[in-house]
Structures are given as C-alpha cells and as structure tokens.
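Engineer: Sequence plus the predicted model coming up.
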Amino acid sequence: MKDMTYPPAEDFVGHAHVDADRYAEMYKQSVTDPDAFWGAAARERLDWIEPFTRVKDTNFTLGEVSVKWFEDGVMNVAHNCIDRHLPARADQTAILFEADDPETPALHITYGELHEKVCRLSNVLLAQGVMRGDRVIIYMPMIPEAAYAMLACARIGAIHSVVFAGFSPDALANRVNDCGAKVVITADHAPRGGRRTPLKANTDAALLHCSDKVRCLVVKHTGDQISWIDGRDVDVKAMMEQVAPDCPIRPMNAEDPLFILYTSGSTGKPKGVVHSSAGYLLYAAMTQQYTFDYHDGDVFWCGADVGWVTGHTYIVYGPLANGATTLMFEGVPTWPDAGRFWQVIEKHKVNQFYTAPTAIRALMGQGTGFVEGYDLSSLKVLGTVGEPINPEAWNWYNDNIGKGRLPIVDTWWQTETGGHMITPLPGATATKPGSATLPFFGVQPVVLDPQSGAEITETACEGVLAIKDSWPGQMRTVWGDHERFEKTYFSDYKGYYFAGDGCRRDGDGYYWITGRVDDVINVSGHRMGTAEVESALVAHAKVAEAAVVGYPHEVKGQGIYAYVTLMNGEEPSDALQKELETWVRTEIGPIAKPDLIQWAPGLPKTRSGKIMRRILRKIAENDYGALGDISTLADPSVVEDLIENRKNKG
Ligand code: WT7
C-alpha cells in the first residue's frame, strides 16, 4: 500500500525560507562540512562577546565521550534573547501571555519590558547571593515570571532547572538535592483549568528534605493565602520593585551549562540532562525558524509547558533568540470548554501552532462543534510532538484545524537533543501522516540492527534509531554523572548516539518512529520510566513487588499498567487500589498515577528471578496469543492467573 503524500502547496513554497532544492543543498553542506555550516550559522545568528575560533570538537567513543561546540567563544544567552533586539524591537511584543481564565485580559510584554523585568529579577537573584554556575530551581505556573526567571539565570550565569508544576514535593526535593540548588523560585498557586495547584505549600513540603540554606523566592500570582517563613522566603515582586532596573550581562563561555532538565530513563532516578549555552541556543533558534517557517512579525504558539524541554526550546529560547512574538498559555485545552485552543488562536491571530497528539485526541473526542465558529485563518503551519501521531488524529487536525490547506510538521526529538532532529520543513518536505520524515540540518540518523549493532544500509529497513555524529543542540552530560551519560547513550551501540527509539525507514528514506525500545513509556507525550513507578509502588508498606508496563490508551497514547503483588496477609480491595494511586501521585506526581492496577499473586520470572516484562506487556495489551516461549519460567502457572485477571478488567 502506498502511503498518502502531501507535497507543500506551491504558494507556500514561494515565500518559504527553504524549498526542496535549498534543503538538499544545505543538508549536504551541513553534514559534509559541519565546521563551515555551523560556523557561519553561529556567526550570523548569535552575538558574540569573544568570537570562537573552533567550531566542532566532539567524540562519541565510549570512555572518551565529549561534546563541545564553539568552545572558546564567549557570549550570553539573555543578551542574545533580549538586549540585542532592543534597537529594533523595544516596542514589539516578546511574550504574549494568555491567562488560564479567559476573562483575564492578555498581557503584551514588549522586548523593552522583558529587558527590565529580567534585569530586575537578575538583581534579586544576585542579592540572594546567586553566583555564576549556581543552580536555581524554577517550580512555577505558566506565567511570564517563569520565563523571566529562566532568562535572569542566563543573564547572571546561573544554571536553571525547571521542575514541572505537576511534580510532587518529593520529586521536587529530589531535584533540589541532586543539583544542589541554592534557590527555589516558585509561586503561591498555579491556576490551571480553573483549579489551583498549591506550589508554595508543595515547596514548603519539599524543602523539609533539603538543606536549610536553600532560599525560597515566591511570586505572588493568585494572591491566595500562603504560609511564610521569615528569613527563608522572599517576595519576588516586592523585591523586584526595590532593585535597579538594569543589570549587566555576565559574559559566559559557549560551553557553560545553560540549564539542567530532569528526565526519566529506563533505570533508577531521573537524570539531569545538561544543555550548553551557545550550541543549544543556536540549534533552538534555527529549528524554530525553519521547522515552522517562522517569519518576522508572526505570532508563534507552542502549547507545551515550560516544565518540559519543548517549552524551553520553543516557548522561550528559540523564539526569543529570533526576536519573535511567543505566546505563553497558562491554561488547558479543555477548559472552560474544548474550544479554548481555537479561541486563543482566533483572539491572537496565531500563525504557527504546536501541540501534541494526545491533546489532539482529547479534543477530537469532544467533537468538531468546539472548533466551528472560530476563525482560524491566521494559521500557516501546524506542528506536533511527543509521540507518533496516529492517522485518526492526523486527519482530524488536518481537516478541522488545517482545513486541508496547512502543512503539518511532525517533529521527532528528545529532551537530550535540545531541538528538532527529524522533521519536515514546511516549504521543502512532502509529508506522510505518521512519519517525522527527514533529518534536520546536521543530523545524520542511522538505522541499526538491534542485535548486531551494524548499520543497515538498505534504504527501506527497520531497526533502532541512532545518530551518527554530533549537532550543536546535543546534551553535554548528565549532571554530576558523566559516566551515566556515556553508559546510557553511547554504550549499547558503539560510536553512535542511541536515542532509545525504534524506527522504520521507507523506500523514500522517510523515518517512521515506532516507539521506545527500552523500559520507558510515553504517557501523553511525556516520558515515564517504568522503574520509577515501580520503586514508588514498592515503597508502600503493603506492596511486596510491582512491575509496570505500558499499554495502548486511547487518549494518552500509552497508559501506565501496574502489576502489584501484595505483602503476605494483605487483601486486594478497591480502597487499597485508591490508596496506591494516591501514593504514586504523592511520590512522583499526577502524571505517574497508574491507569490500571492488576493484583498479581505472582509475577512471571525466569529461574534466575528476572521478571519477564515481554509477557507482562502482552497481557496488558490483551494479546495472549503471542506470549512466546514461557517454558523458561520458574512457575508457568502464574501466567494463566494473570490472564484470567486481565480478562476481568476488560
Ligand atoms: C521521546 C522523547 C521532545 C519533546 C517531547 C518529548 C518520543 C517525541 C516524537 C515524534 C514519535 C516522538 C520518542 C522520544 N517522541 N517526538 N514526533 N514521533 N515519537 O520529549 O520526554 O524527552 O521524550 O518522545 O519516543 O524518544 P521527551
């Protein structure tokens, strides 16, 4: 069967930054002469305090892994995102803020205002003793102050680590402690979908488990009652009024870390992905411009949360580096009703809109009635990210939002990659629904044989996805654990960056991501380590053992399926199930709450005691015909039991 192909519309190609020929030409140069390609791009797109003399210095050899770009250059990220735009754009909107409540007037924050706010917040941080290289945790609602906080850190050379506001106090404490943060910046409450998450109370609970030297900077956003610890807590807005409105930029080395972002892996606790200053920013800016065909004056909306990498790169750093107008949305797609996205697009005449398949599926389920009546004619490009997009969701997006006339860019990338890796360019690439299509400039994807690790050279093939050489946006290390960095990404397949995804390449050389090949599941476009949920479950006094796998979920893509063996003498009950769900929510956060808990008197194990997850996955998927060889199990009868129980769940 031939895949449906959607070539770019002719009138679009006419004014796009890059057409098919230009893509081919630029791509070729980017991989044959990366020094020339990236050197020119970095000189053109970034302002340097001291120019770099060396472009690329990277090594993927296990034991010697090292990634450096523009290593002797000196620059500052906040200067590149704000100050240098002031002569031309002081009065242009930098951040367009749309609050949770549609009745709240939107804010148009100009580059001039952004400069002052960021300077003031920088001075507040300096007054708290935050110095170059210090870590600052940002645990915030989706409000402009979150962006100010990130940029203030960049301005003074501190390293920020944003923790998604949906994470629990325990998860927050782990991150504060892992990176040794000096300061946590938070807010009183985070309004979302008409509800309020008590961020300050969560931070209070987290800080009980942290050094008592950690300061707590609080943005009073909703004005609700909060508790206050004198001497530790600082009222950010009040302090910002008292400090100077200007703050000099700190010259930083290109390779100085800009931020740490924690992400789940297949083993152990989340790892702190470290991104650089210059290479990351360059890659963010370039992908934001080309992937979305962003033009000066456009209004760009990435609907992610700044707690994830998508928000870092495509709400804050990429757009601001390009002098764009970036929309920041505090709310959710389904409140007050499922027309909220489309209402915001109409209201602010959004030109590029970027969201996740899970959001599309959730809205699709509410029917087209919520779209009709909104004027979406400002839209030029639609994007998706987070997981492979299923045909139903693609068609719905294309028909109802794109009205059959807009390019849809399906962007494959990861927290670790900093920006888009495999993606269509809307003026250049014919798209095929469900395929992330072709590599971005400088990216050399390869398909490896999962067993031998050999590169498959046939165009049409299937295997694991790896990347052959470095690109400027690549993560540099795992915070505090370079060995873990090497082991996680460079040890399974020697000489390559291994992404953890499987993929298929079709006869046209298009990439189709088939999902994770490790024990990581993708829940609503967010990565969840099954080991993390398991260790949360077994930390409960009544749980003896737990095994967590993913299973197909209509809206989330993958749901969390937990097999739980109780301690001797404990009886399964609905109440206990609720208790365990709440337990996981408080240990990690609402996103980790199991969708299904199955009581498992025994788990399928090999004679050496290893849990056979393959079997558990199949049972969770309701696919009992394909269990494979179970004769090596210590006790094959547990499988019958599990299947019986699974059937009862429907
Ligand atoms: C994993 C990375 C990068 C932002 C969002 C998630 C999956 C991401 C796609 C896509 C198929 C995708 C992969 C990847 N993924 N985008 N367009 N098509 N799969 O970031 O939490 O670091 O997760 O998300 O499995 O490895 P993340």
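Structural biologist: Arrived safely, thanks for sending. Numbers count the residues shown, from 1 in each chain.

Engineer: Contact residues of the chain facing the ligand?
Structural biologist: Proximity of the chain to the ligand is confined to 263, 309-310, 385-388, 410-415, 436, 499-501, 513, 516, 522, 525-527 under the rule CB under 6 Å from any ligand atom. The way it works is simple: take the backbone N, C-alpha and C, and place the C-beta from them, glycine included.

Engineer: Among the residues you listed, name the ones in strands.
Structural biologist: Among the residues of the chain next to the ligand, the members found in strands (DSSP state E) are 263, 385, 410-411, 499-501, 513, 516, 522, 526-527.

Engineer: Quick check: the farthest pair among those residues?
Structural biologist: Largest separation among those by CB to CB: T263 and D410, giving 20.9 Å.

Engineer: Mind checking which of those two has more residues around it?
Structural biologist: Remark: of T263 and D410, D410 carries more neighbours, 25 against 20, as counted by other CB atoms under 10 Å.

Engineer: hang on, isn't that one packed against S435?
Structural biologist: Yes: contact criterion CB atoms under 8 Å: D410 and S435 qualify, at 6.8 Å.

Engineer: State the helix or strand in which S161 lies.
Structural biologist: Under the criterion of DSSP states H and E, S161 resides in strand 159-162.

Engineer: Run through the neighbouring helices and strands of that strand.
Structural biologist: Applying 3 or more CB pairs under 8 Å, 6 or more residues apart in numbering; DSSP states H and E, we find strand 159-162 packed against strand 135-139, helix 144-156, helix 169-179, strand 257-263.

Engineer: and after the third one, which helix or strand comes next?
Structural biologist: Counting by DSSP H and E, the next helix or strand C-terminal to helix 169-179 is strand 183-187.

Engineer: buried sites along the next helix or strand after that next one?
Structural biologist: Once the chain leaves strand 183-187, the next helix or strand it forms, by DSSP H and E, is strand 190-192. Buried residues in strand 190-192, counted by 16 or more other CB atoms under 10 Å: 190-192.

Engineer: Output those in JSON lines, with pLDDT and distance to L627 appended to each entry.
Structural biologist: Putting the buried residues of strand 190-192 into JSON lines (pLDDT from 0 to 100; distance: CB to CB, whole Å) gives the following:
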{"residue": "A190", "pLDDT": "97", "distance to L627": "44"}
{"residue": "P191", "pLDDT": "97", "distance to L627": "47"}
{"residue": "R192", "pLDDT": "96", "distance to L627": "42"}
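
Engineer: what about A238, distance to the ligand?
Structural biologist: 36 Å (CB to the nearest ligand atom, to the nearest Å).

Engineer: Other residues contacting the helix or strand hosting that residue?
Structural biologist: Taking DSSP H and E as the criterion, A238 maps to helix 236-242. By CB atoms under 8 Å, 6 or more residues apart in numbering, the residues outside helix 236-242 that reach it are 117, 120-121, 123-124, 127, 145, 185, 217-220.

Engineer: Just to be sure, which of those are found in helices?
Structural biologist: Here DSSP state H is the test, and these give 117, 120-121, 123-124, 127, 145 as lying in helices.

Engineer: so which two of the residues you listed are the farthest from each other?
Structural biologist: Largest pairwise distance in the ones in helices among the contacts of helix 236-242, by CB to CB, is 16.8 Å, between A127 and E145.

Engineer: who has more neighbours, the two?
Structural biologist: For A127 and E145, the more surrounded residue by other CB under 10 Å is E145, and the numbers stand at 24 against 12.

Engineer: Chain neighbours aside, what residue packs nearest to the more buried one?
Structural biologist: With sequence-adjacent residues excluded and distances taken as CB to CB, 6 or more residues apart in numbering, E145 is closest to V219, at 4.7 Å.

Engineer: quick revisit: of all the buried residues of strand 190-192, which comes closest to A24?
Structural biologist: Closest to A24, out of all of the buried residues of strand 190-192 and judged by CB to CB, is R192, at 43.7 Å.

Engineer: what's near enough to touch that closest one?
Structural biologist: With CB under 8 Å, 6+ apart, R192 has these contacts: 100, 141-142, 165, 330-332.

Engineer: Near the residue nearest to E145, how many other residues are there?
Structural biologist: By other CB under 10 Å, the residues close to V219 number 24.

Engineer: contacting residues around the residue of the stretch 301-450 of the chain found nearest the ligand?
Structural biologist: Per CB to the nearest ligand atom, T415 is where the stretch 301-450 of the chain lies closest to the ligand, at 3.4 Å. Neighbouring residues of T415 by CB under 8 Å, 6+ apart: 261, 263, 273, 308-309, 475, 527.

Engineer: For V316, list the residues it contacts.
Structural biologist: 81, 147, 150-151, 306, 326.

Engineer: now the nearest residue to V31 once chain neighbours are set aside: how far from T355?
Structural biologist: Among residues not flanking V31 along the chain, Q444 sits closest, at 5.7 Å (CB to CB, 6+ apart). With distances taken as CB to CB, to the nearest Å, Q444 is found 28 Å from T355.

Engineer: Repeat that for S66.
Structural biologist: Applying CB to CB to S66 and T355 gives a distance of 36 Å.

Engineer: out of these two, which sits in the busier spot?
Structural biologist: T355 (23 against 14).

Engineer: Okay, and the beta partners of the more buried one?
Structural biologist: Here T355 sits in beta bridges with T384, going by DSSP bridges.

Engineer: Roughly how far does it sit from G453?
Structural biologist: For T355, the distance to G453 - CB to CB - is 36 Å.

Engineer: repeat for L217
Structural biologist: From L217 over to G453 (counting by CB to CB), the distance is 48 Å.

Engineer: the more surrounded of the two?
Structural biologist: Using other CB under 10 Å, the more surrounded residue of L217 and G453 is L217, with 26 against 16.

Engineer: one step back: pipe the contacts of V316 into JSON lines and attach pLDDT and neighbour count per row.
Structural biologist: Output for the contacts of V316, formatted as JSON lines (pLDDT from 0 to 100; neighbours: other CB atoms under 10 Å):
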{"residue": "C81", "pLDDT": "99", "neighbour count": "30"}
{"residue": "A147", "pLDDT": "98", "neighbour count": "29"}
{"residue": "M150", "pLDDT": "99", "neighbour count": "30"}
{"residue": "L151", "pLDDT": "99", "neighbour count": "25"}
{"residue": "V306", "pLDDT": "97", "neighbour count": "24"}
{"residue": "T326", "pLDDT": "98", "neighbour count": "24"}
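
Engineer: Report the two of the residues you listed separated the most.
Structural biologist: C81 and V306 (14.0 Å).

Engineer: Report the secondary structure state of M328.
Structural biologist: Classification of M328 using DSSP: H, G, I helix; E, B strand; the rest coil returns strand.

Engineer: with the ones in helices among the contacts of helix 236-242 in mind, which one is nearest to the ligand?
Structural biologist: For the ones in helices among the contacts of helix 236-242, the closest approach to the ligand (CB to the nearest ligand atom) belongs to E145, at 23.3 Å.

Engineer: Just list the residues touching that closest one, thanks.
Structural biologist: So E145 contacts 121, 187, 219, 221, 236 (CB under 8 Å, 6+ apart).

Engineer: possible to save the residues you listed as CSV with distance to P105 and pLDDT?
Structural biologist: Shown next, in CSV, are the contacts of E145 (distance: CB to CB, whole Å; pLDDT from 0 to 100):
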residue, distance to P105, pLDDT
L121, 23, 98
A187, 19, 98
V219, 19, 98
H221, 15, 98
V236, 22, 98
